[in-house]
Structure formats: C-alpha cells, structure tokens
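Asker: Sequence first, then the predicted structure, then my questions.
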Amino acid sequence: MNAMVIITCLLACVWMSWYITRGFVLFALERHVVDVPSGRSSHSFTTPRGGGVSFVLVLLGATVALAAMHRLQMLEAVGLLAAVFVALVGYFDDCGGLSIRARLLVHFAASGVALYCFVGAPLHGPICLKALAALGFVVSILAFVWVINLVNFMDGLDGLAGSEAVCVASVCSLLVAFHSGFDGASFLFAVLAGAAIGFLIWNWPPARIFMGDAGSGFLGYSLGALSLLAVHRHELSIWTPVILLGVFAIDTTMTLFKRILRRERWYKPHRLHAFQHASRHFGHRNVTVTVIAINLLWLTPWAILAEIHPSWGPLLLLCAWAPLVSLAYLFHAGEVVWDDGIPRWRTIMLIAQVGMSDGAERLSDRLRVLVPAQMPLLCKALVLGALCLTCTGLSLLFGEQNPGREIPVSLFRLALLCSAGQLITLFSFGLHRCHWHLVSIEEIPNIVGMSLAANLAGVLGGLAITRSDIGTLPSAVFVLNALLLSGALVLAQISTRYLTRTGEQGSVKSRSRRVVIYGADAAGVVISSEIRRLGSTYQLLGFVDSRRAMKGVQIAGGRVLGAPGEIKRLVDTYNVDHVLVSSSSISCHSGRLFLDYCRSESVDFRVIPSLLEGIDMSREVEHQPSTAGYL
C-alpha cells in the first residue's frame, strides 16, 4: 500500500472511533445504559457503558473493505466477521443483562467458527488420529473462549483493557508487517490498535465511558482471530500473542482457579483481581501505566525473540511469565484482603527498606520528588515523537516513487474531484451546523478528524472515478487535498463568525435567551431536550458540571463549559441570561452549595422541575425585576 494511504487510513480510524464514542456517551445517558457503582465495582460514579461499540464498527468496516478488495479469502472474512455475534450478545448484556449460559453458548459457537475457518476440521486420516485431532480441536475451542473472556474479566479498571489492546495489536502489526508487508492481518491489527486509541481517549483515567461487554468480548475475539489469521498465513508465531497477553492471562487464571477452589460463583462480579488490589493503593492511572510499561519493556522483547526463534517458544514463554506469576502472588490475585492486613508487596518493601542505608533512603526520597517534576518532559517527548512521525510521513510523501501507469487525468482535475468528496463528507458529518463562536481547543480533534475522513473519501472518490490503482496516485494529490480543505475550513470559520456577530448586533432586542444548565446528568439531558422543543425561545450554551473529566464533552447538543465554581466567569464571558437548575439536582449537598454560590455572586438562576413550568412562572413575574432565587 501507499505509505500516505496507510497513515491516512489509520488516523481516520482513530478519529472515527473517537467520534463514535463521543456520540455514544449521549446515547447511553439518554437510554440509561450506565454502570451504577456497587460494592464490587472499582469506580465511584455512575458512568455510561458500551463505548466499545466504536472499535467494533471500525474493525468490522475495515474487514468488509479488505474482503471486498479481495485481500481476504472468504473463510478468513467469515472467521473475522463472526465477532459480530459476540459483540451483539455483549451489547444485550450491557442493556438488560443476559444469563451466563446464553453468553457462553454464543462464545463457544463463535470460537468453533473461527477455528474451522482458520485451522480446519479434523476430517481426514485414521480413526485414532481423528480422535486425537478432535480432542485438540475441543481444547482449542476452550482456549479461544478463554481468550474472549480474558478481556472481559480484566475490564475493571479505567483504560486497562484499551491499553492492552493497543500494545498487543501494535506489536503484532509491526511483526507481521516485517515478515510480509503492511497488508491483510498487519493492516487489521493496526486498525484495531488505532480504533482502541480513539476509544482510550474517553476511557483513560478518570474514564468518561466504559467499554462494556460489547467491546470487551469483541476485543478478545478479534485479538484471537487476527492471531490465528496471521499464524495460518505463516506471518506470526503462535507464541508471540500468547506472550503479549501475559498480564491478563496470569491475573485472570490465578484469580479464577482460587475462586473455584473456594467454591465461589466464578462468573459473578468481584474485586479480587491483582490489578484491583493494586488500584486501591496506587490508583487507576498508575496501575494502567504500569501495565503498559510491562507490556512494552518486558513482554515485547520476549515476543520478538519468540518470533525470531519459534522453536524456543515454550522456554521464552516460561521466562516471560514467571515474574508475572510472582507479581500476581504479591498482589493477592484471587484472595480476600482485609483492610487492616498488610499486603505481601508491602512486606517485601519493608524488608528491603530495612537493609537500606541513610544515603540510599535520601537518594530514594530525592528520586520520588523529582519524578513528578519531570512529567512535563514526558509530554514534550511525546510531542517530539509525534513530530518525528509527521516528518517521516512527509519524507515518504515527497521522496517516494510512483511505479505503474500514469493516471489519465490532470492533477488539478483530480484535486477538484477529491475536494468534492471532502465537501460531501463534511456536510454529512454536520460541520456546517457547528457554532463557531463556541469552538475551543476541545473541538480541534473533531475538526481534524473530519478533515482526515474527508481527505480519505476524496482520494477514494477520485480513484473510483479515474479507475486507477491506489498505488499510482501522485503524492502531490494529498498535499493539494490538505491545502484545499484547510483553506475551506478557515474561510468557513471566518465568514460564519462574521455573519454571527453581524446578526447579533442587528437583533440584540430580539435574540433568544441564553441559558446554561447545571449538571451534565440525566436531569440536565431532560431540560436540554425540552429546550430543543421550544425552538428559538431559548439558546443552550452548555453545561456546568463538578466532574473535571467531563469538561469539553458534548452532551445533548451542548458542551460542558466548566465547573460550578466558574459560573460567574462563564456568565460574564458568554452573556448568560439564566442558569437552569433541576429540582432533583438540589437534593444533594453539592447542589445546595451551588445555589448559595449563585446567590453570593448575584447570578440569576431558576430551579424548575421542567422548563415549561419555569416559562409559565417566569411570564407571571416578567413585568417585575427578579433577583436570583427560587421561582
């Protein structure tokens, strides 16, 4: 494939996953597809779930596209698309709940389909060999079902399952690409990694949406199916993905066996995993970053060695997994730890500290002080890496050769065709409905992502019209696409902002009332839906919410502008007329504090059970000047 086509496709996958997850947050809130905290959960806030639908749609679309381009055989495409049934069962479980028998039945059926498509059924040979092969086939189905549920069991921490998917899929994609080029299994691994990154933006601690069973089951199936596809094509060693999944496999297996030995219901929710014990002491973010470091710095070198020397696979697997077993034992995987007990890992640390000298202790304290101060350097390193990647892409863009036949149309005409495809895509995504006077830095990923999708659609449209091979496209087409699209976006932003300001200056008296809603929750969504039914009487500017992670999130047609403590600044900045507060929101202590703060800052607020009642009551007192308070 063309290098720029690959980069464009992967970036488009990242954005599409991010965009779908962003829309699913609102969908989950309106349909009450939420995860309520309980004594066995690792979170403390009601959070939407089911966001894994984003990478489900992206990966299935990429699979269908490769099958249509004859890059996948029919059986290979069927084996990959069987993940739809796993995702559907998980989604139904997220919405209303399904029995464990129904889920396992679908998992076993999908695993059998995958193994039949990639490995084949034992139908030939003597009867003894058939029996032995059938036994191996059954054991393989059990192992595949176990891989499906690995991610489901470990999806109990913010960003953990998504980070594991990114690490495993990225390493497998690079190893497969090293063997046979960036095509087929390597491309699908990269698409899965990119889609997981787009979802991880919303799932990173503190998570704003959970993956849900729809995403976790699909993720486990896809990792297993893509690994079988690469092994079937002799592009990957079977030991490589097994080694990379070591963290999930060790923690889940030890926890499950210990619960079965205690005769507990192993399929019920619990908080006995090693990563859950670790998160109570170190937090979600630190545990997730530690797992990423283990995957990249410890498991990845062993996986590369297993790829170079496949015959050493069992020995390399033992060397890679042995420290992980010790780590899971130190963090009490599958065991009940009392609050007043001393964990094993802390005991080991205390023993180690006894033998340390005063100078070593001072050095350790100094290092602990310096580590947080160096965090901005890590961000700068990430930005530098992104710049290096961009420069590499540009060097490929201007330095590559164009083999094959020439395109029978001029470069300018092809650029116009690409621009037409871009405009159609941008209008289909609703960019023309954006309120440019409210655009901030949180909207930049949306605009950039739509630009990438439009760029890709324009190139594919030009290919379809000219009937040319994608490898024969001149690189300058992508440059002209980017320049034309950037210029169109800038002109649209400037003209829309100018027309908006002109219209506001000409109709100051007849403008609608600007409102901000307190609380980006179900009550706030109800008020926003009533505002939409009223037409142009009220204009929703956004929400204020006490959760910092919600800032910038689009909820029911409005963006979370800031925290309740910033309401005075928001009122002055956006010229807010009223702050709407639902009556259900003031039943808690934080809601009453917000009302007291509004009174002290002379902010006009309305406490209403519904917006229609608030309007009727406001009309009765419209002739009198009203101060902030209850209606």
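Answerer: Great, that's in hand.
Asker: Lys258 contacts Val336, doesn't it?
Answerer: No - using Cβ atoms under 8 Å, Lys258 makes no contact with Val336, being 9.8 Å away. Where C-beta positions appear, they are placed from N, C-alpha and C, glycine not excepted.
Asker: Between those two, which contacts overlap?
Answerer: By Cβ atoms under 8 Å, 6 or more residues apart in numbering, Lys258 and Val336 have these common neighbours: Leu272.
Asker: In terms of neighbours, single out the busier of the two.
Answerer: Lys258 (17 against 12; other Cβ atoms under 10 Å).
Asker: Leaving out sequence neighbours, find the closest residue to the more buried one.
Answerer: For Lys258, ignoring the flanking residues on the chain, the nearest one in space by Cβ to Cβ, 6 or more residues apart in numbering is Gly334 at 3.2 Å.
Asker: would you say the one you found is within a helix?
Answerer: No - applying DSSP: H, G, I helix; E, B strand; the rest coil, one finds Gly334 to be coil, outside a helix.
Asker: separation between it and Pro48?
Answerer: 29 Å (Cβ to Cβ, to the nearest Å).
Asker: cool, and Ser529?
Answerer: Distance from Ser529 to Pro48, by Cβ to Cβ: 17 Å.
Asker: cool, Gly591 as well?
Answerer: Distance, Gly591 to Pro48, by Cβ to Cβ: 21 Å.
Asker: any weak-confidence spans in the stretch 251-400 of the chain?
Answerer: The model of the stretch 251-400 of the chain has pLDDT under 70 over residues 338-400.
Asker: thinking again about what came up before, so Ser529 and Pro48 - more neighbours on which side?
Answerer: Shown here are Ser529 and Pro48; by other Cβ under 10 Å, Pro48 has more neighbours (25 against 13).
Asker: Show me what that one is bridged to.
Answerer: Assessed by DSSP bridges, Pro48 has beta-bridge partners Val34.
Asker: correct me, but Gln554 touches Arg22?
Answerer: Yes - the pair Gln554 and Arg22 qualifies as a contact (Cβ under 8 Å) at a distance of 6.2 Å.
Asker: isn't there a strand covering Phe543?
Answerer: Yes - counting by three-state DSSP, Phe543 falls inside a strand.
Asker: what secondary structure does the spatially closest residue to it that is not a sequence neighbour sit in?
Answerer: Distances taken as Cβ to Cβ, 6+ apart place Ala520 nearest to Phe543, at 4.3 Å, with adjacent residues excluded. Three-state call for Ala520 (three-state DSSP): coil.
Asker: mind starting the numbering at 577 from now?
Answerer: Shifting the count to begin at 577 puts that one at Ala1096.
Asker: For Ala1096, what are phi and psi?
Answerer: When read as degrees, to the nearest 10, the backbone of Ala1096 gives phi -90, psi 60.
Asker: any idea which helix or strand carries the closest residue in space to Trp842 that isn't next to it in sequence?
Answerer: Spatial nearest neighbour of Trp842, excluding adjacent residues (Cβ to Cβ, 6+ apart): Arg835 at 4.8 Å. Under DSSP states H and E, the secondary-structure element containing Arg835 is helix 822-837.
Asker: Next, the buried residues of that helix.
Answerer: By neighbour count on 16 or more other Cβ atoms under 10 Å, the buried set for helix 822-837 is 822-832, 834-835.
Asker: Make sure Ser1122 is indeed in a strand.
Answerer: No - membership of Ser1122 in a strand is not supported by three-state DSSP, which gives coil.
Asker: what residues are up against it?
Answerer: Per Cβ under 8 Å, 6+ apart, neighbours of Ser1122: Ala1139, Pro1140, Ser1166.
Asker: what's the closest of these to Gly735?
Answerer: Of all the contacts of Ser1122, Gly735 sits closest to Ala1139, with 22.8 Å by Cβ to Cβ.
Asker: For the closest one, the count of nearby residues, please.
Answerer: Per other Cβ under 10 Å, the neighbour tally for Ala1139 reads 15.
Asker: from what I can see Val752 touches Leu812, true?
Answerer: Yes - between Val752 and Leu812 there is a contact at 5.4 Å, judged by Cβ under 8 Å.
Asker: Find residues that contact each of those two.
Answerer: Common contact partners of Val752 and Leu812 (Cβ under 8 Å, 6+ apart): Ala761, Ala806.
Asker: And what about the residue nearest to His908 when sequence neighbours are not counted, helix, strand or coil?
Answerer: Counting by Cβ to Cβ, 6+ apart, His853 is the residue found nearest to His908 once chain neighbours are left out, at 5.3 Å. Secondary structure, three-state DSSP: His853 is helix.
Asker: Repeat that for the one 4 residues further on.
Answerer: Secondary structure state of His857, per three-state DSSP, is helix.
Asker: any idea how far it lies from Asp669?
Answerer: With distances taken as Cβ to Cβ, His857 is found 31 Å from Asp669.
Asker: ok, those two, which is more surrounded?
Answerer: Using other Cβ under 10 Å, the more surrounded residue of His857 and Asp669 is Asp669, with 20 against 12.
Asker: you'd agree that one is up against Ile676?
Answerer: No - between Asp669 and Ile676 there is no contact under Cβ under 8 Å: 9.6 Å.
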